[in-house]
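Peer 1: Pasting a predicted model and its sequence here:
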Amino acid sequence: ALDHPLLHQLLCDFERLSGCAVLVNTSFNVRGEPIVCTPRDAYACFAVTDMDALVLGDFVLQKDALPDRLSAAARERHLAQFPQD
């Protein structure tokens, strides 16, 4: 908690709101895409997935509040670039 206060607070808030105190560490990408390495990559992946929120440092982006949400067709075009295994 002392080394990463923002992460600690995020996890505490998530537990308080959801009743779930679990952190799953997994790769951040859509299957077939490269792993997310930059904030730009994170936003692009967030934009085309069913994630509800993305936390980047001090910022929390909520999908339903974004002015530039992708259409279903644009999302499908993006995802079609990456072969599924």
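Peer 2: Looks like it arrived, so ask away. Please read these numbers as outputs of a predicted model, since none were measured by experiment. Numbering: from 1, shown residues only.
Peer 1: For the longest helix seen in the chain, which outside residues touch it?
Peer 2: Longest among the helix segments of the chain by residue count, using DSSP state H, is helix 5-18. Judged by CB atoms under 8 Å, 6 or more residues apart in numbering, the contacts made with helix 5-18 from elsewhere in the structure are 1, 20-21, 23, 55, 57-58. Placement of C-beta: from N, CA and C, glycine included.
Peer 1: how far does it sit from the chain's center?
Peer 2: Taking CA atoms, centre = their mean, to the nearest Å, one finds the center of helix 5-18 at 16 Å from the center of the full chain.
Peer 1: Return the distance of the residue lying closest to Gly32 once chain neighbours are set aside relative to Asp52.
Peer 2: Using CB to CB, 6 or more residues apart in numbering and skipping residues adjacent in sequence, the residue nearest Gly32 is Phe82, 3.4 Å away. If you measure Phe82 against Asp52 using CB to CB, to the nearest Å, the figure is 22 Å.
Peer 1: in the protein, which spans are strands?
Peer 2: Listed in chain order, the strands found in the chain under DSSP state E are 53-56, 59-62.
Peer 1: now the ones you listed in JSON lines, with mean neighbour count and distance to Ala72?
Peer 2: Conversion of these to JSON lines gives the following (neighbours: other CB atoms under 10 Å; distance: least, CB to CB, whole Å):
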{"stretch": "strand 53-56", "mean neighbour count": "14", "distance to Ala72": "19"}
{"stretch": "strand 59-62", "mean neighbour count": "12", "distance to Ala72": "19"}
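Peer 1: tell me which helix or strand of this structure sits lowest on mean pLDDT?
Peer 2: Ranked by mean pLDDT, DSSP states H and E, the helix or strand of the chain with the weakest confidence is helix 72-79, at a mean of 78.
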